[in-house]
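*Asks:* Below: sequence and its predicted model.
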Amino acid sequence: MQYTLIGSIMPAVQIDFDEAGEKMISQAGGMLYMTDGVTMDTDTSDSLLKGIGRIFAGQSLFLANYTAEKAGDKMAFASNVAGQILPVNVSDHSLIIQKGAFLCAEAGVQLETVFQKKAAAGFFGGEGFILQKISGSGMCFLAIDGDKIVMDLAEGESVRIQTGNVVAFEESVTYDIEAVQGMKNIFFAGEGIFMTKLTGPGRVVIQTLNVSEFASEISAYIPTSSSSS
């Protein structure tokens, strides 16, 4: 298959199938359009246990499976938040991704849940106890909220990131949380109590938009029933 990234603010990825029988998988509700020759089926992808694991990771129980009936069929998947779509060749390397980052992938890509090794990172790291691992073979497409920043960390090199802004990192990268130092920084800097700490070696992908924080900012301007009365 071939792919084309479409748009810049609310992006989509169009898939052009080269052969009959080629398949794509996506989260339920990720499809934007498809031609008449593409058929759709929905299941839990291999096992119910994997589907339950996706629920804990913030995804849906079911995955949608799309199959091309002939060469030339096409379809597209769209992000639901302003940002970018990041193509990843999973054949080159596997990645750990945050909940909500998976958009779609070729059928050869394996999507599984992984648990945080440290309880503190699960409670305070902004990503929860369960992340997801993408491995196998083929192309996978990740949804980036806002713009992306890619960093290649050297052995022992660390970067501290606002919770919720981590998109993905290689398995060689160590994930942990670190408390903000100083009471004044905690109460007045507006950065929260904890930050995510990633230590190399390995590649890290960061997104500039934290949807939870953005929604909180927007909600402050939404009139409530009490204020409108």
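*Replies:* That came through fine.

*Asks:* so who does the residue nearest the centre of the chain touch?
*Replies:* The chain has Ala101 as the residue nearest its centroid, 0.9 Å off, counting by Cα atoms, centre = their mean. Shown in contact with Ala101 (Cβ atoms under 8 Å, 6 or more residues apart in numbering): Gln132, Leu142, Ala143, Ile144, Val167, Ala168. C-beta coordinates here come from the backbone N, C-alpha and C atoms, glycine included.

*Asks:* Next, give me the two most distant ones among the residues you listed.
*Replies:* Farthest apart among these by Cβ to Cβ are Gln132 and Ile144. That separation is 15.3 Å.

*Asks:* hang on, the earlier thing: with adjacent residues omitted, what lies nearest to the residue nearest to the centre of the chain?
*Replies:* Take Ala101 and drop its neighbours on the chain: the residue closest to it by Cβ to Cβ, 6 or more residues apart in numbering is Leu142, 4.7 Å away.

*Asks:* And the host helix or strand of that neighbour, how far out from the chain middle?
*Replies:* Using DSSP states H and E, Leu142 falls within strand 139-145. In terms of Cα atoms, centre = their mean, to the nearest Å, the centre of strand 139-145 is set 6 Å apart from its chain centre.

*Asks:* hmm, who's touching it?
*Replies:* The contact list for strand 139-145 (Cβ under 8 Å, 6+ apart) reads 1, 3, 13, 77, 79-90, 97, 100-106, 109, 134, 167-168, 205, 207-211.

*Asks:* Just the ones of those residues in strands?
*Replies:* Among the contacts of strand 139-145, the ones falling in strands (DSSP state E) are 3, 13, 77, 83-89, 97, 102-106, 109, 134, 167-168, 205, 207.

*Asks:* In ChimeraX, select just the buried ones from those.
*Replies:* A single ChimeraX command selects the buried members of those (16 or more other Cβ atoms under 10 Å):
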select :3,13,77,83,84,85,86,88,97,102,103,104,105,106,109,134,167,168,205,207
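
*Asks:* which element is Leu198 on?
*Replies:* If you go by DSSP H and E, Leu198 is part of strand 194-199.

*Asks:* Now do that strand: which elements does it pack against?
*Replies:* Counting contacts by 3 or more Cβ pairs under 8 Å, 6 or more residues apart in numbering; DSSP states H and E, strand 194-199 packs against strand 158-161, strand 166-170, strand 174-179.

*Asks:* so the longest one versus strand 166-170, what angle?
*Replies:* Here the directions of strand 174-179 and strand 166-170 differ by 140 degrees (axes from the mean of the first three to the mean of the last three Cα atoms, to 10 degrees).

*Asks:* Which strands border strand 174-179, and is each parallel or antiparallel?
*Replies:* strand 194-199 (antiparallel) (DSSP bridges).

*Asks:* How far off centre is the strand it pairs with?
*Replies:* With Cα atoms, centre = their mean, you get 18 Å for strand 194-199.
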